[in-house]
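> dropping a prediction and its sequence here:
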Amino acid sequence: MKKYFLLLTLLAGYATAQQLPGLPPIPTPQQLLWQDMEFYLFAHFGPNTFTDLEWGKGTEKEEVFNPAALDCRQWCRVAKAAGAKGIIITSKHHDGFCLWPSNYSTHTVRESKWKEGKGDVLKELSDACKEYGLKFGVYLSPWDRNHPAYGTPGYNDVFVNMLKEIFQHYGPIWELWWDGANGEGPNGKKQVYDWKRFEETVRQLSPNTIIFSDIGPDARWVGNEKGWAGTTNWNLLNTEGFNRGAGAPPVDTLNQGNIYGKYWIPAECDVSIRPGWFYHHAEDDKVKTPETLFQLYLKSVGRGANLLLNVPPDDKGLITSFDSAALVGFKKLREESFKENLLKHAMVFKKNHTNRSVDRHTEVGTMMILKEPVPMNCIVLKEPIQKGQLIKSVDVMLNNHGMLVKKISITTVGRKRIITFPTTEVSELSVIITAAKAKPQISDIEAYRIDDRLIEQ
């Protein structure tokens, strides 16, 4: 097979010719902004925080919810210190408890002892996010183990009205997080969800909100709760014939996407900083280390996905020092690792090359040479996804004084691809696009020397 060369060492802001006209799909402006977020926090919080459960039963007394020292501004300070761009909160988990005084439930903060029934977690967090310049998102479980209407057509009305309350009173909502959980309600019945109506309601209330679920429509679950995307990760997905929950696409499809998927539905990697999703005192010594979080970053953001890291507040309503210390350390590792682009002073040599093949395209080649060999162990490639995701496979060639010292083969690039390898002396670096769906485009390439202990295993 003939290979077409795009030889690059550094070329910030560089892109080849325009994508072939009419080649779908491409992201919406809202999806582009969402993918630029890269990393943000999940906050699992509710009665489970106080009962030491992961899945509440829906029968918990409202009085158990009493975060006496709740401080959502503290959550936001921690998020900012971690370099996170937003917070998504479990406004209602499967137990049905609402963190706002909903008019469509009697299982809410209004019925709790917290602030004598006058508290509103959604308002406090929404206001704090605005103050600290963070995006605000909500998880709203469709399953409700408490509501008496669950399992009847009337529950769909309840759910729509809850959506209206949240979007009208606490917006703007940047991301709405849906899972497909569909267990039994207090009446022993399961609900037939009117997903079409739910989506239409959100689109009418907030057209810019990113809707997340197994099948999007705007962002997809990555297929695991371990925090990593596939080494092949297409932002594309076919959703016909699939549903949320039990009818979702296979796990490997969610993990990798579809190479010729009909819809632009990028992956989001959700994972908890602790073994559980809700706070448990026994897990204070089991918080993931900064080094482990960095590995998750490489396997999520570094594979073109977003990282949603759960950091659960404790029963006082605060993020613990154990979690915040790990988050600050995680940010420090990112800053130190990607501080100095080793290729910023490289010499550039361009070579034009045109190929008319439909399946394998490149347009412009650029070779860049360093003044002297430097040790590196990390390469970052970027594809201008506003024009689509086109690159199927790439070879990265590391040379030292004209001698090949290492060859690395990868598949997809996407918004950002971070490649790590054992530290190698390099004087020339080439990126060879071996297959693409149309004229391939590289917008940036960088190289770094990061701590050897952080190299992806």
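Received it, and whenever you're ready, just let me know what you need.
> for this structure, name the helix or strand with the lowest mean pLDDT.
Using mean pLDDT, DSSP states H and E, strand 347-352 stands out as the lowest-scoring helix or strand of the chain, at a mean of 59.
> count of neighbours near the residue lying closest to residue 388 once chain neighbours are set aside?
Once flanking residues are discounted, residue 388 sits nearest to residue 26: 5.0 Å by Cβ to Cβ, 6 or more residues apart in numbering. To be clear about C-beta, it is placed using only N, CA and C from the backbone, and glycine gets the same treatment. Residue 26 has 15 neighbours, counted by other Cβ atoms under 10 Å.
> can you pull the pLDDT of residue 149?
Listed pLDDT for residue 149 reads 98.
> where does it sit: helix, strand or coil?
Of the three states, residue 149 takes coil according to DSSP: H, G, I helix; E, B strand; the rest coil.
> quickly note the distance from it to residue 139.
Taking Cβ to Cβ, to the nearest Å as the measure, residue 149 falls 20 Å from residue 139.
> flag the shaky bits of the stretch 251-400 of the chain, pLDDT-wise.
Scanning the stretch 251-400 of the chain for pLDDT under 70 picks out 348-368.
> which residues in it form helices?
For the stretch 251-400 of the chain, the helices defined by DSSP state H, counting those that start in this stretch occupy 251-256, 290-299, 321-337.
> looking at these, which is nearest to residue 88?
Residue 88 lies closest to helix 321-337 among these, at 15.7 Å (Cβ to Cβ).
> near residue 436, how many other residues are there?
Neighbours of residue 436 under the rule other Cβ under 10 Å: 24.
> beta partners of it?
residue 391 (DSSP bridges).
> give me the domain ranges for this structure.
Using automatic domain parsing, the domain parsing of the chain gives 29-337, 347-454.
> per-residue confidence for residue 17?
27.
> begin at 499, not 1, for the rest of this chat.
In the new numbering, first residue 499, that becomes residue 515.
> excluding chain neighbours, what is closest to residue 632?
residue 584 is the one closest to residue 632 (Cβ to Cβ, 6+ apart), at 5.1 Å.
> test my guess that the one you found contacts residue 636.
No: the pair residue 584 / residue 636 is not scored as a contact, 11.1 Å apart, by Cβ atoms under 8 Å.
> who's more crowded, these two?
Neighbours were counted for residue 584 and for residue 636 using other Cβ under 10 Å; residue 636 has more, 26 against 21.
> tell me how far the more buried one lies from residue 593.
Distance, residue 636 to residue 593, by Cβ to Cβ: 16 Å.
> do the same with residue 888
45 Å.
> same question, residue 817
Distance, residue 817 to residue 593, using Cβ to Cβ: 22 Å.
> where do the strands sit along the stretch 699-848 of the chain?
Remark: strands assigned in the stretch 699-848 of the chain by DSSP state E, counting those that start in this stretch are 708-711, 717-719, 734-735, 761-762, 765-770, 804-808, 845-850.
> for the fourth one, packing partners?
Of the remaining helices and strands, those touching strand 761-762 by 3 or more Cβ pairs under 8 Å, 6 or more residues apart in numbering; DSSP states H and E are strand 734-735.
> element containing the nearest residue to residue 900 once chain neighbours are set aside?
Using Cβ to Cβ, 6+ apart and skipping the chain neighbours, the partner closest in space to residue 900 is residue 926 (7.4 Å). Using DSSP states H and E, the element containing residue 926 is strand 915-934.
> which elements pack onto that strand?
Of the remaining helices and strands, those touching strand 915-934 by 3+ Cβ pairs under 8 Å, 6+ apart are strand 862-880, strand 889-898, strand 901-908, strand 942-946.
> distance from the chain centre to it, please.
Computed by Cα atoms, centre = their mean, to the nearest Å, the chain-centroid distance of strand 915-934 equals 25 Å.
> repeat for stretch 601-612
31 Å.
> could you work out the end-to-end span of that stretch for me?
End-to-end distance for stretch 601-612, by Cα to Cα, to the nearest Å: 18 Å.
> give the contact list for residue 777.
By Cβ atoms under 8 Å, 6 or more residues apart in numbering, the contact list for residue 777 reads 542-543, 547, 810-813, 818.
> same thing but 10 Å
Counting by Cβ atoms under 10 Å, 6 or more residues apart in numbering, residue 777 touches 541-543, 546-548, 550, 809-814, 816-818, 821.
> make a ChimeraX selection of whichever of the residues you listed turn out to be buried.
Listed next is the ChimeraX selection for buried residues among those, using 16 or more other Cβ atoms under 10 Å:
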select :541,542,543,546,547,548,809,810,811,812,813,816,817,818,821
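> now do the one helix or strand residue 539 maps to: which elements does it pack against?
Using DSSP H and E, residue 539 sits in strand 537-541. For strand 537-541, the elements it packs on are helix 570-580, strand 584-590, strand 633-638, strand 765-770, helix 788-797, strand 804-808, helix 819-835, judged by 3 or more Cβ pairs under 10 Å, 6 or more residues apart in numbering; DSSP states H and E.
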